[in-house]
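**Q** Need coordinates for the following:
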Amino acid sequence: MSNFSIKNYIFILKNCIRGSSLLRILQNIDIKKNVFISGNCLDLGSKNSKPSYHKFLNISEDTKITYTDLYSNEDGILSFDFNKRFPINDNEYDNILIFNVLEHVYNTPNILSESFRVLNKNGKLYGAVPFLYKYHEDPDDYWRFSHTLLFKLLKNQGFKKIKIIKQGNSNIMVLAHNFSYILRFKILIAITWSFCFLFDYILKNLLRRKNDHNNYLGLYFEAKK
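**A** Numbers count the residues shown, from 1 in each chain. You can find the predicted model right below:
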C-alpha cells in the first residue's frame, strides 16, 4: 500500500472476506479519497444503475448520472459502442467515470477523444485500469496500460492536470494479489495478505529497502478538460 494505515488495512481485510480482489479494493480506496462528482455525470461501462464502486463515490445532491454500456438489458441504460462516436452532444457532462473499461475497448484513442468532446470546459475524467492482472473478457480484453502510456494517451487527446496513482506498487503487494489465485479459502487469502502487508511494512519502514515503484497492480487516474 502506498499509504499504509490501520483503517485501510481493516478495510482491505473486510473486503477480502467478501470476495473482492486486492486490486479492486485498492481502487475503491482511491475512489473514496479522490472522486467528487456533481452536476451531469456520464458513467461509461457501468453495466447497470448500481455498479459496486458507486458506494465509494463522493456525490453531491445535484448530481444526475447517465449510465452506459455496450450491451444492457436494463431500462434507462444508454447502450452504444465506445469504439465509435458517442450519441451525445458536445460539452454535455461535468464529470465522466471510466472505471476498468479502457482495457476492453480496442479503439482507445476514440473513447478518450469522445470523452474529451462531451465534457464541459474544466470537466473532469475519473478512471482506473488494471496492469498486472489476469485476462478477463468483457466481451474482450485487449490492453494493459503503463503509467507512461496512459499519461501520453490522455495528453494526446487534450487533457490537462493529469494525475496518475500506482496501486499496489511493490513486489510484495503483487505477490499478495497473486496468492488470491492459488488459495481457495477467503480466510487463507486474508491471512496471507496480512503477512505480506507486514513484510512489506518491515521492508520499507524498518529495513529501509527501496520499493520497486514500477511493479504495480493497476492505475487510478484523473484528468481535466
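**Q** and residue 19, what is it in contact with?
**A** residue 186 (C-beta atoms under 8 Å, 6 or more residues apart in numbering). Where you see a C-beta, it was placed from the backbone N, CA and C, and this is true even at glycine.
**Q** State the three-state secondary structure for residue 66.
**A** Following DSSP: H, G, I helix; E, B strand; the rest coil, we place residue 66 in the strand state.
**Q** Correct me if wrong: it contacts residue 78.
**A** Yes - between residue 66 and residue 78 there is a contact under C-beta atoms under 8 Å: 5.9 Å.
**Q** Okay, and the residue nearest the centre of the chain sits in which element?
**A** Note on the chain: the residue nearest the mean C-alpha position is residue 128, at 2.4 Å, using C-alpha atoms, centre = their mean. Assigned by DSSP states H and E, residue 128 belongs to strand 119-130.
**Q** now for that strand, which elements pack on it?
**A** helix 22-34, strand 93-99, strand 218-224 (3 or more C-beta pairs under 8 Å, 6 or more residues apart in numbering; DSSP states H and E).
**Q** most packed of those?
**A** Ranked by mean neighbour count, the helices and strands packed on strand 119-130 are led by strand 93-99 with a mean of 24 (mean count of other C-beta atoms under 10 Å).
**Q** Now it: average pLDDT?
**A** Across strand 93-99, pLDDT averages out at 98.
**Q** the inter-axis angle of that strand versus strand 119-130?
**A** On the basis of axes from the mean of the first three to the mean of the last three C-alpha atoms, to 10 degrees, strand 93-99 is oriented at 10 degrees to strand 119-130.
**Q** Describe which strands strand 93-99 pairs with in its sheet and in which direction.
**A** Note on strand 93-99: by DSSP bridges, its sheet partners are strand 40-43 (parallel), strand 119-130 (parallel).
**Q** highest average neighbour count across the ones you listed?
**A** Ranked by mean neighbour count, these are led by strand 40-43 with a mean of 23 (mean count of other C-beta under 10 Å).
**Q** Good, we can wrap up now.
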